[in-house]
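coords please:
(one chain, ligands or ions: 3)
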Amino acid sequence: MKRLYIKTFGCQMNEYDSMRVARLLAPLGYEMTDDKCGADLIVLNTCSIRQKAEGKVYSMLGRLRPLKQENENLIIAVGGCVAQQEGKKLLGRMRHVSLVFGTKSVSNLPAMIKKIERSGGRYVDTGEAEHRETAFDDAFDHNKGDSKALITIIEGCNNFCAYCIVPHVRGRERSRRAHDILDEARVLVRSGVKEITLLGQNVNSYHDSSNGTTDFPALLRKVAATNGLERLRFVTSHPKDLTDELISCFKELPTLCNHIHLPVQAGSDRVLERMNRKYTRGEYLNKVDKLRKVCHNISISTDIIVGFPGESRDDFNKTMELVREVEYDHSYSFKFSTRAGTKAAGFDDDVSGAEKSVRLSELQALQKEIIFSKNKEFEGTSASVLVEGVSKTNEELLTGRTTCNRIVNFSGDSALVGKIVNVNITKAFMNSLRGEAAVDH
Ligand code: SAH
Ligand code: SF4
Ligand code: F3S
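Ligands and ions are numbered 1, 2, ... in the order given. Predicted coordinates:
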């Protein structure tokens, strides 16, 4: 038996791809290990969304160099978005790496690894030569005994937001066949999964015309009908593709969790236009209103970039106002980071590093205030929680999530792991809620 260590950086789509890698390499005799020192094959699944993410990959590669010096048979393979972008350059820079494979060549990985095992050598396979589009795998069971699972339903992105590397490293949108998605959902639920998250950089532009037409709302309805599935989520939605029909799914489908991640990026129309987001502040706010009309307690989270080229103090204030107005339940915020090859790389990055930091901390302080006051509203209520396991920081507590995606730590019997239980919320914190399992009468 050979040992395979996989390190995943970046988004959940990379997590899904890492499970594909593990599955594809199992027939070659590779079994997963958590210990990179004893591994025969190390795969890094990388992310290049911001400079910092890319930096993490190179520092990890630096740390792996001594392992290769100790064991020359060790194979180090780098996949994911940095690999897709850098290709040959990465192989040239990192002499201890044997294989660079792109996001479009995951399915070719077993063949490449076999070749290296047999006769050594160093290779790049980023799928360009044959213009290979990822053939999605057939449905497969990747449940590792968890109550939650991810399913990628659409690859790539056509939106070309001016700052974003994703369309450049993941290619154009390709929707997976609805039939395979439904099969995978069934297989996962049969093996104990209670909650499924449908994944894509822009899930709501999903479109499968292989067997009649299935758009995203139609797919949601079909997946929601999976026998035994208790919770359904999806991420990420582009505001421009959030249709009335999709909004009404929050009312229509009882298994659909009352949470949506709806990245706004900026609150100023001028910046939104330069970002090529294809919606205005007014249109975005209108959709938020509609969501709240259909599902009054829907939890809304977002992504925000501060310091986009040309963002004035006045533009930034508009983002702050928007955050105050929407009162997001959660947000991820980032300083703009120039990505080579994107449109914004040609803009003058005129907001200083110091100013970006100031804006980021102002925004995050405001968001913290909002989160804490919203979490406080949960004290004294009871919430339905899918129990994921024992808390990592306190063995005496169980941990899980509400349908609105809040983390709840609570005291209760470990037999509750994997179940959906009612929890009385006793205390709110910044990043979680505390509670006690409600006793059924
Ligand atoms: N597909 C999703 C998000 C993809 S990346 C969407 O359309 O929203 C996740 C987040 O990273 C983005 O929403 C954006 O806020 C941030 N991001 C992407 N590129 C960035 C860059 N160059 N600099 C800073 N943040 C960036
Ligand atoms: Fe990037 Fe925009 Fe596509 Fe999201 S929608 S992945 S931010 S280009
Ligand atoms: Fe990162 Fe690639 Fe995902 S750039 S965010 S791993 S699609």
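
wait, residue 287 touches residue 239, no?
Yes - if you go by C-beta atoms under 8 Å, residue 287 and residue 239 touch, sitting 6.0 Å apart. To be clear about C-beta, it is placed using only N, CA and C from the backbone, and glycine gets the same treatment.

need the residues touching each of those two.
residue 262 (C-beta atoms under 8 Å, 6 or more residues apart in numbering).

enumerate the positions of whichever strand or helix holds residue 366 that are buried.
Assigned by DSSP states H and E, residue 366 falls within helix 353-376. Buried residues in helix 353-376, counted by 16 or more other C-beta atoms under 10 Å: 355, 356, 358, 359, 360, 363, 366, 367, 370, 371, 374, 375.

spatially nearest residue to the second one (excluding sequence neighbours)?
I take that to be residue 356. Among residues not flanking residue 356 along the chain, residue 307 sits closest, at 3.5 Å (C-beta to C-beta, 6 or more residues apart in numbering).

next one: that neighbour from residue 50, what distance?
12 Å (C-beta to C-beta, to the nearest Å).

which one of these two has more residues nearby?
When neighbours are counted by other C-beta atoms under 10 Å, residue 307 comes out ahead of the other of residue 307 and residue 50, with 22 against 18.

model confidence score at that one, please.
pLDDT recorded at residue 307 is 98.

surely it is in contact with residue 355?
Yes - Residue 307 is within contact range of residue 355, at 6.6 Å (criterion: C-beta under 8 Å).

mind listing what's buried in stretch 381-392?
Of the residues in stretch 381-392, those buried (16+ other C-beta under 10 Å) are 383, 384, 385, 386, 387, 388, 391.

I misspoke; the intended subject was stretch 214-229.
Of all the residues in stretch 214-229, those buried under the rule 16+ other C-beta under 10 Å are 214, 215, 216, 217, 218, 219, 220, 223, 224, 226, 229.

let me see the contact set for residue 176.
136, 152, 153, 154, 155, 208.

before we move on, what about residue 362?
With contact taken as C-beta under 8 Å, 6+ apart, residue 362 is in contact with residue 320.

that one and residue 281, how far apart?
Residue 362 is 19 Å from residue 281, where distance means C-beta to C-beta.

about what we covered before: farthest pair in the buried residues of stretch 381-392?
Taking C-beta to C-beta as the measure, the buried residues of stretch 381-392 span a maximum distance of 18.3 Å, between 384 and 391.

what about the closest residue to residue 383 other than its chain neighbours, neighbour count?
Nearest residue to residue 383, sequence neighbours excluded (C-beta to C-beta, 6+ apart): residue 402, at 4.6 Å. The burial count assigned to residue 402 is 20, neighbours taken as other C-beta under 10 Å.

surely residue 402 meets residue 381?
No - in this structure residue 402 lies outside contact range of residue 381 using C-beta under 8 Å: 10.1 Å.

show me what contacts residue 292?
With C-beta under 8 Å, 6+ apart, residue 292 has these contacts: residue 298.

gap between whatever helix or strand it lives in and the chain center?
Assigned by DSSP H and E, residue 292 belongs to helix 281-294. Mean-position distance between helix 281-294 and its chain equals 24 Å (C-alpha atoms, centre = their mean, to the nearest Å).

nearest to ligand 2: which residue in the stretch 201-350 of the chain?
Nearest to ligand 2, among the residues of the stretch 201-350 of the chain, is residue 201, at 3.8 Å (C-beta to the nearest ligand atom).

where does that residue sit: helix, strand or coil?
Under DSSP: H, G, I helix; E, B strand; the rest coil, the three-state class of residue 201 is coil.

how many residues are close by the nearest residue to it once chain neighbours are set aside?
The shortest distance from residue 201 to any non-neighbouring residue, by C-beta to C-beta, 6+ apart, is to residue 157 (4.3 Å). The tally of other residues near residue 157 (other C-beta under 10 Å) stands at 22.

check residue 297 too.
Other residues close to residue 297 by other C-beta under 10 Å number 10.

and ligand 3, is stretch 20-31 touching that?
No - using C-beta under 6 Å from any ligand atom, we find that stretch 20-31 stays clear of ligand 3, coming within 13.6 Å at best.

may I have stretch 393-404 as CSV, with CA atoms only?
Output of stretch 393-404 as CSV, limited to C-alpha atoms (Å, rounded to 0.1, in the frame of the first residue of the first chain):
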residue,chain,number,x,y,z
THR,A,393,-11.6,23.2,21.2
ASN,A,394,-13.6,21.6,24.0
GLU,A,395,-14.1,17.8,24.1
GLU,A,396,-17.1,18.2,26.4
LEU,A,397,-19.1,20.0,23.7
LEU,A,398,-20.7,19.0,20.5
THR,A,399,-20.7,21.3,17.5
GLY,A,400,-23.0,21.8,14.6
ARG,A,401,-24.7,24.4,12.4
THR,A,402,-28.1,26.0,12.3
THR,A,403,-29.8,26.1,8.9
CYS,A,404,-28.8,29.8,8.8
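
quick one: buried residues of that stretch?
Going by neighbour count (16+ other C-beta under 10 Å), the buried part of stretch 393-404 is 397, 398, 399, 400, 401, 402, 403, 404.
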